[in-house]
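> dropping the sequence and predicted coords here.
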Amino acid sequence: MDLIIQLLIMASIVAMMISLGSQISFQALIQLQAQRALVLRSLLGTSVLLPLIGAGLLALAVPFLEPPAKVAIALMVVCPSAPLAQLRAAKAGGNHLLAVRIQLSAAIAAIVTVPVFVYAYTATFGASVWTLSPLTVTIQVLGVQVLPVLLGMLWKSLSPTTATRLHPWVVAIAQGMVIILSLLILIKVSPLIWQFFRGNGVALITMLGLIALSLGLGQRLAGRDTTHQTTVAVVTAMRNPGLALLLAHQDPSLAMPSVTVGILSYLLLTLIGVTLYQAWHHER
């Protein structure tokens, strides 16, 4: 089952990234116009500032965290650009095109930012976090994220009509793989879920703190436009669990069910946090 799960993780990320890239051409991404500064600020927030904030919180919480929870939090913090964050941002009243631009920028920049922060976290926390090689991380990010995104953008640039027509099918295939993957993971780790929640109170508080800080950071970087605030806040908070799970499976010491449960716990708390943020933002 472990091999099937790993293959499904890779396949689902590739499909999601192709669907993300196929929503915007190279020309549209480059021609940011008035949104250039906003996209760059958002990219800085989701790819650089949040991992730095995460390192600070982890440094405070490390003495009270179990190793699997510590690894799960670190992996989620360093992995930006959740594949479907733009849909979540749009449902929350955000700007879909802006979310796509931020996500694409973060997905491409991840080939630099993720290995750099993997190295930085290793240097800061030592082997107690992971023994991941930055080169291995770079190869994985390039193969499952950057190249598929660029392929999707090339498809949109060369054949925009076909890309637009087939995009819903690509998304449906990717979501189908995610559903199957989620069921397999739940079958594998379901006995550990309650145990993780019961024994990792500090980890859950740390996750909630990071989610709240990421939403606040995104809103702050977005300026005064409420639509931009919602968009950047949601995109910043939504991390990439697929990439986090893939990286966890690259290190034998991390490929344990409790790390997977930690990553899923962070995702679940993020969805709850984003939903509460959306309700609060609509009431303002």
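Great, that's in hand.

> only C-alpha atoms for contact and neighbour calcs from this point on.
Noted.

> residue ranges with poor pLDDT in the stretch 1-150 of the chain?
1-2, 28-34, 86-94, 127-131 (pLDDT under 70).

> now do the helices for it: every range, in order, please.
For the stretch 1-150 of the chain, applying DSSP state H, counting those that start in this stretch gives helices covering 2-21, 26-30, 36-44, 50-61, 67-78, 85-91, 96-125, 134-141, 147-158.

> just how off-centre is the fifth one within its chain?
Read it as helix 67-78. 13 Å (CA atoms, centre = their mean, to the nearest Å).

> which outside residues touch that helix?
47, 50-51, 54-55, 58, 62, 113-114, 117-118, 121, 128-130, 200, 203, 207, 239-241, 244, 247-248, 254, 258-260, 262-263, 266 (CA atoms under 8 Å, 6 or more residues apart in numbering).

> in PyMOL, how would I select the buried members of the residues you listed?
Burial among the contacts of helix 67-78 is assessed by 16 or more other CA atoms under 10 Å; the matching PyMOL selection reads:
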select buried, resi 47+50+51+54+55+58+62+113+114+117+118+121+129+130+200+203+207+239+240+241+244+247+248+254+258+259+260+262+263+266
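
> the residue nearest to residue 175 when sequence neighbours are not counted: neighbour count?
Leaving aside its chain neighbours, residue 175 sits nearest to residue 12 (7.6 Å; criterion: CA to CA, 6 or more residues apart in numbering). By the measure other CA atoms under 10 Å, the count of residues near residue 12 is 25.

> next: residue 234.
33.

> try residue 125
By the measure other CA under 10 Å, the count of residues near residue 125 is 14.

> what about it, distance to residue 165?
Remark: distance between residue 125 and residue 165 (CA to CA, to the nearest Å) = 47 Å.

> equivalent analysis for residue 118, please.
In terms of CA to CA, residue 118 sits 38 Å off from residue 165.

> same deal with residue 180?
The value you get for residue 180 to residue 165, if CA to CA is used, is 25 Å.

> which of those two has more neighbours?
residue 180 (14 against 10).

> per-residue pLDDT, the more buried one?
Looking at residue 180, its pLDDT reads 89.

> next, the angle from the host helix or strand of it to helix 147-158.
Element membership for residue 180 (DSSP states H and E) is helix 160-199. With axes from the mean of the first three to the mean of the last three CA atoms, to 10 degrees applied, the angle from helix 160-199 to helix 147-158 works out at 150 degrees.

> now for helix 160-199, which elements pack on it?
helix 2-21, helix 147-158, helix 257-283 (3 or more CA pairs under 8 Å, 6 or more residues apart in numbering; DSSP states H and E).

> ok, which of the ones you listed comes nearest residue 226?
Nearest of the helices and strands packed on helix 160-199 to residue 226, taken as CA to CA: helix 257-283 at 8.4 Å.
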